[in-house]
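In: Pasting the sequence and the predicted coordinates here, then a few questions.
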Amino acid sequence: MVWLCFAVNFLVVAGIMFGRNARDSLFLFYFGKDYLPHMYFVNAVFLVICSLAYTTMVDRFDRARFLGGISLIFLVGLIASRLILLEHPHWFFPVLYILAQVIWYFGLMQFWTFVGDLFDTRQAKRLFPFLAVGALLGMICVGLSSKTLVHGLGTENLLLVWAGLILGATILGGVTYKFYKPVQEAAPHDASSLPPAKRPSELQKIKDGLRELGRQPLLRSMAGYVLLMWTVYATVDFCFNATMRARYPNPNDLTTFFGRFIGVQGFLCLVVQLFFTRAVIARLGVGTTIDFHPATLFLGTLWMSASYGYGSVLSTKLGDAVMLYTFSDSSYQLLYSPVPIENRPRVRGFIEGYIKPLSLAAAGVLVLLGNRYLKPIHLSSGRVLDAGQQLSWGAWAGALIWVGFALTAKKGYIRALLRNLQAGSPALRQAAATALSKLKDPDSVSLLSRTLQSENPERVVGAILFLEGLGG
């Protein structure tokens, strides 16, 4: 069963990468980079719509039929898109961009719903990192095969390759559902006597999310981290696409380059994830490792600001991708561990479902305004600072603020763990004690020592208990 799930993830992510590369190349070539900021804004809207639609429908239908039915709809949509592209209608390229984004969003949600049905919580913690390797191998294979497929089939026909990979993943998923029963989580003994839970409105979800952010400094740091991360990401992504579009004027060459880039990205992510991520987090702690991504983008955007060009843009984008899928993702997910499990889905849903789209929309608006109104600056030395370089200044400023939020996360994380040592739940107390026992770096110990001077007795007790254990 594990290997079937591994293969499904491999096919899903490989298909997404092929489709995304084709979509980006066709959009940039036939519609133009100037309209890319509009797509960032539209993507943010569709991220919210897709999340709402998926969560509304996923529990109302038989799970296997629901996931399989959506996959077949997307398969038909990709085949229809290829037929429409025979005439290359100008109006269709934004539609294709949005369609590919929707399939991307739903594809990832489908996969993690699929494996979530098959493994319990204990199994998931052990197996999900292994399943994630399938995605990285999918990226690497895209890089290795892109040149052959693109020059043999053409960029447009990569949509059919994507459709074929979706079909393969659907078949393997159906086989898995047929021969392996979904895990049934144990329900409370009196659950049948309780009335059905009322689904909160979206406005209520937003109010609850803001209330949680107001109560916990750690969550405020995480929300700020996500807001700045995706804003800087979108700005760098625009500079990357614009620079590569100018470098590779032929759509097949551009698609081939995107494929190779994805392959290199996947290989580096695999190496870092397998050999460095867990060791670094264990050695330096979550609160320090979370700083790596913004620090990398701070340096990268600083390079772009000083010397904008192919090398600086490519290196910054590659560094962003590698950090995002290794140190940043792993450490960010661990920051949720002090949040009580009953509150975790609501908090995660608010940050991922509202803060992330807000940051993408904000980035789209900022890049759109900058791309439209920023004019080249001609220096007395004869050097010209174009709009891309000026946008890099904004990305650098955003990265600087992002670093600030990351630096506050460590303090919030430790204080949340100390608070949990006094929690009523034995599981929460044990989890907090285990997490605190791994904080051996001098900064963490110093922060715990300063906590002894706090006027809050719960924090003092928690710090004493931990420091006694550390000394023993």
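Out: Received it, and whenever you're ready, just let me know what you need. No experiment lies behind these values; they were computed from the predicted model shown. Numbering: from 1, shown residues only.
In: Could you measure from the closest residue to R278 other than its chain neighbours over to L268?
Out: Excluding the flanking residues, the one nearest R278 by CB to CB, 6 or more residues apart in numbering is S330, at 7.7 Å. Heads up, the C-betas are built off the backbone N, CA and C, glycines and all. S330 is 15 Å from L268, where distance means CB to CB, to the nearest Å.
In: Over to T148?
Out: On the measure of CB to CB, T148 and L268 end up 22 Å apart.
In: try I49
Out: Distance from I49 to L268, by CB to CB: 33 Å.
In: Please identify which of those two sits among more neighbours.
Out: Using other CB atoms under 10 Å as the criterion, I49 and L268 rank with L268 on top: 19 against 13.
In: what about that one, which helix or strand?
Out: In the assignment (DSSP states H and E), L268 maps to helix 251-272.
In: Okay, buried residues for that helix please.
Out: 251-270, 272 (16 or more other CB atoms under 10 Å).
In: Quick one: list the elements packing against that helix.
Out: In this structure, helix 251-272 packs against helix 2-30, helix 121-153, helix 217-247, helix 310-323, with contacts taken as 3 or more CB pairs under 8 Å, 6 or more residues apart in numbering; DSSP states H and E.
In: Quick one: name whatever helix or strand follows the shortest one.
Out: Just to be clear, that refers to helix 310-323. helix 329-334.
In: what do you get for the second one?
Out: Tracing the chain C-terminally past helix 121-153 and defining elements by DSSP H and E, one meets helix 158-179 next.
In: starting at the chain centroid, how far to that next one?
Out: The chain centre lies 23 Å from the centre of helix 158-179; the measure is CA atoms, centre = their mean, to the nearest Å.
In: Which neighbouring elements make contact with that helix?
Out: Using 3+ CB pairs under 8 Å, 6+ apart: helix 158-179 touches helix 2-30, helix 63-84, helix 92-118, helix 121-153.
In: now for these, which one comes closest to G394?
Out: helix 2-30 (21.4 Å; CB to CB).
In: buried sites along that closest one?
Out: Buried, per 16+ other CB under 10 Å, within helix 2-30: 4-29.
In: for the nearest residue to Y325 once chain neighbours are set aside, what are its contacts?
Out: Among residues not flanking Y325 along the chain, C269 sits closest, at 4.7 Å (CB to CB, 6+ apart). Counting by CB atoms under 8 Å, 6 or more residues apart in numbering, C269 touches L136, M139, A321, V322, Y325, T326.
In: Equivalent analysis for R60, please.
Out: Going by CB under 8 Å, 6+ apart, the list of residues near R60 is empty.
In: just checking, H88 is part of a helix?
Out: No: under DSSP: H, G, I helix; E, B strand; the rest coil, H88 sits outside any helix and is assigned coil.
In: Could you count how many residues lie near the nearest residue to N157 once chain neighbours are set aside?
Out: Counting by CB to CB, 6+ apart, R82 is the residue found nearest to N157 once chain neighbours are left out, at 6.9 Å. By other CB under 10 Å, 18 other residues sit near R82.
In: Now L385. Its backbone dihedrals?
Out: phi -100, psi 110 (degrees, to the nearest 10).
In: Any figure for the gap between M229 and R283?
Out: For M229, the distance to R283 equals 23 Å [CB to CB].
In: So which of these two has more stuff around it?
Out: M229 (26 against 12).
In: Domains in the protein, by residue range?
Out: Per the record, the chain has its domains at 1-183, 202-250+265-423, 424-471, by automatic domain parsing.
In: can I get these in JSON lines with mean pLDDT?
Out: Formatted as JSON lines, those follow (pLDDT from 0 to 100):
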{"stretch": "domain 1-183", "mean pLDDT": "87"}
{"stretch": "domain 202-250+265-423", "mean pLDDT": "87"}
{"stretch": "domain 424-471", "mean pLDDT": "57"}
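In: and the next helix or strand after the helix holding L268, which residues are buried?
Out: Next along the chain after helix 251-272, taking DSSP H and E as the criterion, comes helix 278-284. Buried residues in helix 278-284, defined by neighbour count with 16+ other CB under 10 Å: V280, I281, L284.
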